[in-house]
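[1] got a predicted model here, sequence first, then my questions.
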Amino acid sequence: CGVFGVFNHPQAADLTYYGLHALQHRGQESAGIVTSTGEKFHHHRGMGLVTQVFTREILDSLTGDMAIGHVRYSTSGESLLQNAQPLVFRYREGNLAIAHNGNLVNAELERKLLHDQGGIFQTTTDTEVIAHLLARSSRERFEDAASEVLTRIQGAFALLIMTEKKLLIALDRHGLRPLTIGKLNDSYVVASETCALAAVDAKVWREVEPGEWLVIDEQGMQTGRFAPRNKLSLCSFEFVYFARPDSVIHGKSVLATRKDLGRNLAKEHAVEADVVIGVPDSSVPAALGYAEESGVPYEMGLVKNSYVGRSFIEPTQDLRELAVRLKLSAVEDVLKGKRVVLVDDSIIRGTTSRRIVKLIRQAGAREVHVRISSPKVRNPCFYGIDMPTKEELFANKWDEEDAMGHAIGADTLAFLSEQGLLDAVGVDLDEIPNRCIACFGGAYPTHTFLT
Ligand code: SF4
Ligand code: MG
């Protein structure tokens, strides 16, 4: 998912619309904006893309100089309008809106406790638990109630919570998801990725630290911590696939990092070939890096129909299969008679690779060598990236890479090593690794509550 927030701007809803548009790659199932005039809320949510959910008329009705917005792809809770965010609740004398990226790992436990005490839920999302905990806090001040709740929830959360007068920004203690604050003259803007700050011409001010909260209101900004500066564990998949290439996370360009992934892949798994191609759009930077490092030329061997959404984000297997088919076509002129290196960023279920290898062979490729710019995904994610069960993960179905390659119809198949990944996506801190690599076979940074 993607979150976006604005404090103190007369066009708060419009900015949020643009910001969400720039974050569309993070979720395409639903979109929503809540604004505050300082006295009351206005909100609108709907299923579909940002441009489908909002019209000029709707945006004009969203008055106020504060706003939060959300684009969703479901990892916890179904794909339903009632689960679309931001969620809005009655809270004490006013209202409360919540936009959340990430996944809580103790939501089910907390939900059960709340249920047993008579709590009634409107949604099936983990995010609603946060509102219930806030409403039940015995602490008087919003800031105090919030910091109590923030210590209680566990897992991944890049969180925006708005009341009529205050905007709260918080990031889980592991910093699993990115969250950056920008400034636009006298306004504050906050977004999942810097590409959304750039979209509204805001300047990056700083990232939210793991375990930190900030509250902005008319009096100014307060900051505090609900957890000590813990070991940083940003999701490495943000660099591999999820984030937009023009974003910067922890001072690292996503584009440059992706190219490094491709370079490392070429160093580890060279092969004789005539052409390198990438799967658009997410794998193109890695393919370019692979080509640069190997000296094999990069060509545009696959063309994407941009009017089809990200295949993975389609919630059912049937739709995913169909979407892959609609989405890509192979360029015969580039591929015919060639030994092709096909770079993709990841294999999850294996559907995409199998389909694309077939496409490339149909276009006349002589050999197809699949190179994946991330390690084998062997474990599910509990922190907000949609993954199937352990049994459904492609890499868990075969013991040998030869068998895996055969399964997708490739001549050879190779994955980047975990070290190759960390060398590209990590930052130079004492804490090593400072990235979550749990799905690739690393340790989960939090308790998962699912044993
Ligand atoms: Fe990211 Fe994988 Fe960690 Fe999930 S388990 S947060 S996808 S690195
Ligand atoms: Mg892809």
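    Structure's in. What do you need? Ligands and ions are numbered 1, 2, ... in the order given.
[2] so after the helix-or-strand element of the chain with minimal mean pLDDT, what's the next helix or strand?
    Ranked by mean pLDDT, DSSP states H and E, the weakest helix or strand in the chain is helix 317-327, scoring a mean of 69. Toward the C-terminus, helix 317-327 is succeeded by strand 328-330 as the next helix or strand (DSSP states H and E).
[3] show me which residues of that following strand are buried.
    For strand 328-330, burial by neighbour count (16 or more other C-beta atoms under 10 Å) applies to 328, 330. Quick note: C-beta positions are derived from backbone N, CA and C, even for glycine.
[4] same for it, what does it pack against?
    strand 302-304, helix 351-362 (3 or more C-beta pairs under 8 Å, 6 or more residues apart in numbering; DSSP states H and E).
[5] pull up the pairing partners for it, direction included.
    strand 302-304 (antiparallel) (DSSP bridges).
[6] ok, the residue in the stretch 351-451 of the chain positioned nearest to ligand 2 - how many residues close by?
    Nearest to ligand 2 in the stretch 351-451 of the chain, going by C-beta to the ion, is T352, at a distance of 5.8 Å. A total of 25 residues lie near T352 under the criterion other C-beta atoms under 10 Å.
[7] I'd say it and D344 touch.
    Yes - if you go by C-beta atoms under 8 Å, T352 and D344 touch, sitting 6.7 Å apart.
[8] what is in contact with those two at once?
    With contacts taken as C-beta atoms under 8 Å, 6 or more residues apart in numbering, T352 and D344 have V279 as neighbours in common.
[9] what does the lengthiest helix in the chain rub up against?
    Criterion DSSP state H: the longest helix present in the chain is helix 254-268. With C-beta under 8 Å, 6+ apart as the test, helix 254-268 has contacts from 238-240, 243-248, 285-294, 343, 345, 371-374, 414, 416-417, 420-421, 423-425.
[10] in PyMOL, select just the buried ones from the residues you listed.
    Buried members of the contacts of helix 254-268, defined by 16+ other C-beta under 10 Å, are picked up in PyMOL with:
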select buried, resi 238+239+240+243+244+245+247+248+285+286+287+288+289+290+291+292+293+294+343+345+371+372+373+374+414+416+417+420+421+424+425
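[11] okay, and which of the contacts of helix 254-268 map to helices?
    Per DSSP H, the contacts of helix 254-268 map to helices at 285-294, 420-421, 423-425.
[12] what's the distance between G278 and ligand 2?
    Distance of G278 to ligand 2, computed by C-beta to the ion, to the nearest Å: 9 Å.
[13] burial count for C195?
    Here the count is done by other C-beta under 10 Å, and C195 has 21 residues near it.
[14] return the residues of the stretch 201-350 of the chain in contact with ligand 2.
    Contacts of the stretch 201-350 of the chain with ligand 2, taken as C-beta under 5 Å from the ion, map to 279, 282.
[15] great, nothing more from me.
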